[in-house]
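J.: Below are the sequence and a predicted model for it; my questions follow.
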Amino acid sequence: MTDVFINPTDCPYYLITRASLAITSAMKLGFADAGLGDVKPAYLGVFMCLWMEDCMGDTLGKVGKEEGMRLVDLGRCAGLEPSSMTGLIDRMEKDGLLYRTDDPTDRRAHIIRLTDRGHDLRKNVIDIVGKTISKAFWNIPADRMQAAKDVLRTVLVNASKGSLEP
């Protein structure tokens with residue numbers, strides 16, 4: 001694997017990073033074109049976790065009950081470190097997409113909830129993300145796409161162990 005640094009286009013890290021940046025850029029354009037310039041691709045992990053929580057609440061018959069997630073649980077769900085979550089939640093709160101309330105069971109904790117606007121964005125954001133992903137992965141057969149997902153999941157597990165020693 002030492003030769004990966006000779007030619008960047010043979011380096012998996014370079015390829016993953018470049019692909020991620022290109023998709024992120026396309027997504028930003030999609031949001032801006034739809035009049036959602038204040039929605040950032042960095043918000044997607046938080047949105048997806050909170051929207052998933054809402055869907056589970058609806059499924060379980062908790063209609064009318066305010067949903068939300070504790071900050072620490074939201075960070076785990078989104079795959080973000082607590083230090084990254086604070087700034088991200090601050091920006092999303094400033095953009096009027098979510099708000100914090102005190103956790104009634106733990107005075108040190110906060111519950112993060114979507115504002116009405118945060119709820120209302122779901123369909124548009126998911127449509128834009130879906131279209132962007134479809135364009136980015138256009139013409140890739142389903143079996144190769146599944147293999148790519150499997151490889152990336154393994155890379156996530158391997159890289160998340162804190163050490164990349166086998």
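T.: That came in fine, so what should we check first?
J.: If we ignore the residues flanking it in sequence, what's nearest the most centrally placed residue in the chain?
T.: Of all residues in the chain, the one closest to the mean position by Cα atoms, centre = their mean is residue 45, 2.1 Å from it. Ranked by Cβ to Cβ, 6 or more residues apart in numbering and with sequence neighbours excluded, the top spatial neighbour of residue 45 is residue 78, at 3.4 Å. In this view, the C-beta of every residue, glycine as well, is placed from N, C-alpha and C.
J.: need the contact list for the one you found.
T.: By Cβ atoms under 8 Å, 6 or more residues apart in numbering, the contact list for residue 78 reads 45, 46, 48, 49, 85.
J.: was I right about the residue nearest to the centre of the chain contacting residue 75?
T.: No - at 9.2 Å, residue 45 and residue 75 do not qualify as touching, with contact defined as Cβ atoms under 8 Å.
J.: quick one: the residue nearest to residue 45 and residue 147, what's the gap?
T.: Residue 78 sits at a distance of 25 Å from residue 147 (criterion: Cβ to Cβ, to the nearest Å).
J.: Just the C-alphas of the lengthiest strand in the chain, formatted as PDB.
T.: The strand of greatest length in the chain, counted in residues with DSSP state E as the criterion, is given as strand 106-114. Once side chains and other backbone atoms are set aside, the C-alpha atoms of strand 106-114 remain, and they are given as PDB (Å, rounded to 0.1, in the frame of the first residue of the first chain):
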ATOM      1  CA  ASP A 106     -31.300  15.000  34.000                       C
ATOM      2  CA  ARG A 107     -30.600  18.700  34.700                       C
ATOM      3  CA  ARG A 108     -27.200  18.400  33.000                       C
ATOM      4  CA  ALA A 109     -28.600  17.200  29.700                       C
ATOM      5  CA  HIS A 110     -30.500  18.800  26.800                       C
ATOM      6  CA  ILE A 111     -33.100  17.400  24.400                       C
ATOM      7  CA  ILE A 112     -32.700  18.500  20.800                       C
ATOM      8  CA  ARG A 113     -35.900  19.000  18.900                       C
ATOM      9  CA  LEU A 114     -36.700  20.100  15.400                       C
END
